[in-house]
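Colleague: Got a sequence here, can you build the structure:
(one chain, ligands or ions: 1)
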Amino acid sequence: MRPLRRAVVLGSGVMGGAIAAHLANAGVPVLLLDLDGAIAAKGKERAVNAQPGAFFVPSRAQLVATGGFDDGLEQVAGADWIIEAVVENLDVKRTLLERVEARWREGTIVSTNTSGLPVHDVVEGRSDAFRRHFLGTHFFNPPRYLKLLEIIPLSGTDQPVIDAAAAWGDVVLGKGIVYAHDRPNFIANRIGSYGFRKAVQLMLELGLTIEDVDELTGPLIGRPRSATFRTTDLVGLDTVINVSENAYHNLGDDNERDVFLVPPLFREMAERGWLGEKSGSGFYRRVDGEIQALDYTTMEYRPRRKVTLPSVAAARLIEDPAKRLRQLVAASDAGGQFLWRLVSSILIYAGKRIPEIADDVVNVDRAMRWGYAWDHGPFETWDLLGPADVAGRLAADGRAAPPIVQAVLDRGEGTFYRTPGGRREYFDLTLADYREEPGRPGVLVLADLKARNRVVDANAGASLIDLGDGIACLEFHSKVNTIGEDTIRLMHRAMEAVRQQFDGLVIGNQAKDFSGGANLMLLLLEAQEGNWDDVSLALREFQRLNLALRYFEKPVVAAPFGRTLAGGCEVVLPAARVQAAAETYIGLVETGVGLIPAGGGTTEMVRRATARIPPGSEADPTPFVRWVFETIALAKVSSSAEDARNLGYLRDADGISMNGDRLIQDAKDACLALVRLGYRPPLRDLIPVVGERGFSALETYLFLLRTAGQISEYDEAIGRKLAHVVCGGRVAYRTRVSEEYLHELEREAFLGLVGERKTQDRMRHLLQTGRPLRN
Ligand code: NAI
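Modeller: The predicted structure follows:
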């Protein structure tokens, strides 16, 4: 991969500022330029204050320098990548690129972030050499969080330039790369805005409500919770209107162009300033904590209504997404009619767009999954419903299936994808045959390995999978990946298997989140029944496991990502190395349910903190212990993997993968590196604790917090139990204790708390509402 040492971002608006921030997240120094230095500085400031955060941690902002075009353009020579993200105006972009070219030197890649202008128009007038280095790179907002990066090469773009931009996007910035053709709105916004506009059209025609449409176009059909109108409120109706107008204006050759016509309802809303979140009201608004929805027939807001469509109620009971979708589009009520017409229209529209917007179905499906967070892209949806069945129903409706579907039915096996021997292949229109899905080097997919019979051992909670090259992967797969008896049993078996036939172990999975912790429901049941012995035994087992992981003779690499909470965090802590996805929200959150970490997590945090004291030093461990205490007592969760370093959950030697899809491969590589370096487990050592003296200090601290009203009386009580553990109990200052001794204190504290009514109330509340209770 060509190194990305320095980048320049032109334009410090919504996108420019956020793209610069994300480059800084990746450790790339950036120069952020705008009309003048003050505007650029303001743009950077906006990124610093963005919610959700644009920077992983505030200190990253130091990598972003700001300036005006006049002086700043002098510095573009020598940059590896210049990203243009100024206003969406062809003349402005062209004039700016002309100025850039005057300072540009061969080798520097230049790209435009335009979302609607033809990329070839933007670069018109520039030299051939410049054009060979030019392409479109279309980020989605917010670029840190949205996975998709559309790359739009032009016919004159050099292949190494395309490859470098793709590698930077993928490996350095962690994006999912899709190759789009230079057609209006590229792939995701073309299909996405078509689907959105079609949904509005059908809503008006069938007289459905805003809530109906959001219910029908959300998780029920594998799309995000924000569905149609909450997404619009987030994006802003003005932006949505711009995209639609751009499509309508530029799509003279699209036979469904009229779908993009902006409906009077949108014009009316825009005139009233109802643009969504940013203006306080859109399709929804919040008044005194109550969410109201727009009744578009009266143009008045009214309290949000429950959706009563029979098709929806029936579909909610179906787990399997394919079955659910099939039943929904077959339903005869307004919900069913809406979805059949919407989904079939999108399927036809997407089917006709190949090869117009992309070479193949893979790029289209990936674009919709990564850019719009659909669980299934349009061609994957064709397969869910069955192309032959859909084509049959279309024919009955008097509508034609697109030629690509006919080809799949005539010359293919009747589906767009097939998976012979565990490798996914797609139907290629020009070839009229199947091809292997373009691999993503560095991306290991556990499901593929499982399909290729690489499972070594498994039970209901977890599997052990052979990753090849002597490394095995322990995958959790229980509901929300909670850690229960099954998981623990399999982990013990996994260690035994690794001891015998592998060189190292990766603990990782590819679900939505790494792990939600222990099974709270089970724990609550045990507590209500007063099964203290069982609880104690389970804790002891979990502690024993985590200690065994820490001192295991072969390297263990944990690969957390997304939410990695409580018990999930405790499994990560003992690993020889952690390779975390950049977006990792890790934390010991037990106090939130009135407990303390008692799977060895409290002990390990104390061990780590005191290990920071140089050997032989007389330094006072109290501030280190207090740091750990605060992290656990306040149930701090990292806002990124980088932030997890600050909280002590990750160590300096632990690695971060910008691209979460690469995590398993990266963790495997990290594990192999340890193997090659002759890994030996750490030696056991005693832990210096602060004892009674430290406890009094923490007690005072808790008292102050409580009298200041920052914590409740019960928080204080939990805090005292935690303080007892982190200080090592009632022993003398600087006594050296074993991990087992601290484990015993963890168990005692936990058992003392789990029997309390208020702790059980907290657990119940979290289970019922998903939110912590402060009592
Ligand atoms: P913005 O309006 O927030 O920022 C545009 C920036 O251009 C401002 O900082 C402004 O000072 C600067 N500017 C204004 N006039 C200029 C001139 N004459 N010469 C040079 N710079 C000038 O716009 P935003 O949303 O950041 O969009 C930037 C680009 O990214 C556009 O091409 C847009 O289509 C594209 N885009 C926007 C997305 C979004 O969600 N906002 C998503 C993906 C792409």
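
Colleague: how about the residue in the chain that the ligand sits nearest to, what does it touch?
Modeller: With C-beta to the nearest ligand atom, the shortest gap between the chain and the ligand falls at Gly13, namely 1.8 Å. In this view, the C-beta of every residue, glycine as well, is placed from N, C-alpha and C. For Gly13, the contact set (C-beta atoms under 8 Å, 6 or more residues apart in numbering) comprises 34, 43, 85-87.

Colleague: Phi and psi next, for it.
Modeller: Dihedral pair for Gly13: phi -80, psi -150, per degrees, to the nearest 10.

Colleague: I'd like the contacts of Gly13 written out as CSV, with secondary structure added.
Modeller: Formatted as CSV, those follow (DSSP: H, G, I helix; E, B strand; the rest coil):
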residue, secondary structure
Asp34, strand
Gly43, helix
Ala85, coil
Val86, coil
Val87, coil
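
Colleague: List only buried entries from those.
Modeller: 34, 43, 85-86 (16 or more other C-beta atoms under 10 Å).

Colleague: Which two of these have the greatest separation?
Modeller: Largest separation among the buried ones among the contacts of Gly13 by C-beta to C-beta: Gly43 and Val86, giving 11.0 Å.

Colleague: got any residues that touch both of the two?
Modeller: In contact with both Gly43 and Val86: 11, 13, 16, 34, using C-beta under 8 Å, 6+ apart.

Colleague: Run through the residues that contact the third one.
Modeller: Applying C-beta under 8 Å, 6+ apart to Gly16 gives the contacts 9-10, 32, 34, 43, 83, 85-86, 113.

Colleague: Then the first one?
Modeller: With contact set as C-beta under 8 Å, 6+ apart, Gly11 has these partners: 33-34, 43, 84-87.

Colleague: what about 6 Å?
Modeller: 85-86 (C-beta atoms under 6 Å, 6 or more residues apart in numbering).

Colleague: what does Leu216 give?
Modeller: So Leu216 contacts 335, 338-339 (C-beta under 6 Å, 6+ apart).

Colleague: With Ser696 instead?
Modeller: Shown in contact with Ser696 (C-beta under 6 Å, 6+ apart): no residues.

Colleague: Compile the shared contacts of Gly43 and Val86 into JSON lines and extend it with columns for pLDDT.
Modeller: Below are the shared contacts of Gly43 and Val86 laid out as JSON lines (pLDDT from 0 to 100):
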{"residue": "Gly11", "pLDDT": "98"}
{"residue": "Gly13", "pLDDT": "96"}
{"residue": "Gly16", "pLDDT": "98"}
{"residue": "Asp34", "pLDDT": "98"}
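
Colleague: any chance of these in TSV, plus distance to Leu206?
Modeller: Shown next, in TSV, are the shared contacts of Gly43 and Val86 (distance: C-beta to C-beta, whole Å):
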residue	distance to Leu206
Gly11	42
Gly13	38
Gly16	41
Asp34	46
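
Colleague: give me the number of residues near Ser617?
Modeller: Applying other C-beta atoms under 10 Å, we find 8 residues neighbouring Ser617.

Colleague: Backbone dihedrals for it, please?
Modeller: Dihedral angles for Ser617 - degrees, to the nearest 10 - are phi -80, psi 150.

Colleague: quick one, what contacts Lys668?
Modeller: 467, 471, 506.

Colleague: Could you double-check that the second one lies in contact with Gly504?
Modeller: Right, the one you point to is Ile471. Yes: taking C-beta atoms under 6 Å as the definition, Ile471 is a contact partner of Gly504 at 5.1 Å.

Colleague: what are the ranges of the helices in the stretch 1-150 of the chain?
Modeller: Taking DSSP state H, counting those that start in this stretch to define them, one finds helices in the stretch 1-150 of the chain at 14-25, 37-49, 69-72, 90-103, 119-122, 128-132.

Colleague: got the residues of the protein near the ligand?
Modeller: 11-16, 34-35, 39, 43, 85-88, 92, 96, 113-116, 139, 141, 239 (C-beta under 6 Å from any ligand atom).

Colleague: just to revisit the earlier point, common neighbours of Ile471 and Gly504, please.
Modeller: What both Ile471 and Gly504 touch, as defined by C-beta under 6 Å, 6+ apart, is the set Cys671.

Colleague: of all the contacts of Lys668, which comes closest to Tyr417?
Modeller: Leu467 (24.0 Å).

Colleague: Buried subset of the contacts of Lys668 as a PyMOL selection?
Modeller: Here is the PyMOL command that selects the buried residues among the contacts of Lys668 (16+ other C-beta under 10 Å):
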select buried, resi 467+471+506
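
Colleague: Show me the shaky parts of the stretch 51-200 of the chain.
Modeller: Nowhere does the stretch 51-200 of the chain drop to pLDDT under 70.

Colleague: At which residues are the strands of it located?
Modeller: 64-68, 81-84, 109-112, 134-139, 148-153, 176-179 (DSSP state E, counting those that start in this stretch).

Colleague: can you put those strands in a markdown table and add distance to Ala358?
Modeller: Shown next, in a markdown table, are the strands of the stretch 51-200 of the chain (distance: least, C-beta to C-beta, whole Å):
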| stretch | distance to Ala358 |
| --- | --- |
| strand 64-68 | 33 |
| strand 81-84 | 22 |
| strand 109-112 | 18 |
| strand 134-139 | 13 |
| strand 148-153 | 10 |
| strand 176-179 | 7 |
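
Colleague: of all the contacts of Lys668, which comes closest to Arg607?
Modeller: Val506 (23.1 Å).

Colleague: Identify whichever of the strands of the stretch 51-200 of the chain lies nearest to Gly567.
Modeller: strand 176-179 (30.2 Å).

Colleague: The closest one pairs with which strands, and in what direction?
Modeller: strand 148-153 (parallel) (DSSP bridges).

Colleague: And the contacts of the partner strand?
Modeller: Residues contacting strand 148-153 (C-beta under 6 Å, 6+ apart): 119, 135-140, 162, 165-166, 169, 175-180, 182, 186, 188, 370-371.

Colleague: Okay, buried residues for it please.
Modeller: Quick answer for strand 148-153 (16+ other C-beta under 10 Å): 148-153.

Colleague: got it, and stretch 652-661?
Modeller: Here stretch 652-661 shows 654-661 as buried, counting by 16+ other C-beta under 10 Å.

Colleague: Same question for stretch 45-58.
Modeller: Residues of stretch 45-58 classed as buried by neighbour count (16+ other C-beta under 10 Å): 46-48, 50, 53-57.

Colleague: what do you get for stretch 499-510?
Modeller: Applying 16+ other C-beta under 10 Å to stretch 499-510 flags 502-510 as buried.

Colleague: which residues are contacting stretch 48-63?
Modeller: 18, 21, 24-25, 29, 47, 144, 640, 642-643.

Colleague: Same question for stretch 271-284.
Modeller: For stretch 271-284, with C-beta under 6 Å, 6+ apart as the criterion, the contacting residues are 210, 229, 233-234, 236-238, 291, 293-294.

Colleague: Mind picking the two most distant members of those?
Modeller: Asp238 and Ile291 (21.9 Å).

Colleague: number of nearby residues for Ser226?
Modeller: So Ser226, with other C-beta under 10 Å, has 16 neighbours.

Colleague: how about the nearest residue to it, chain neighbours excluded?
Modeller: Excluding its sequence neighbours, the residue lying closest to Ser226 (C-beta to C-beta, 6 or more residues apart in numbering) is Leu234, at 6.3 Å.
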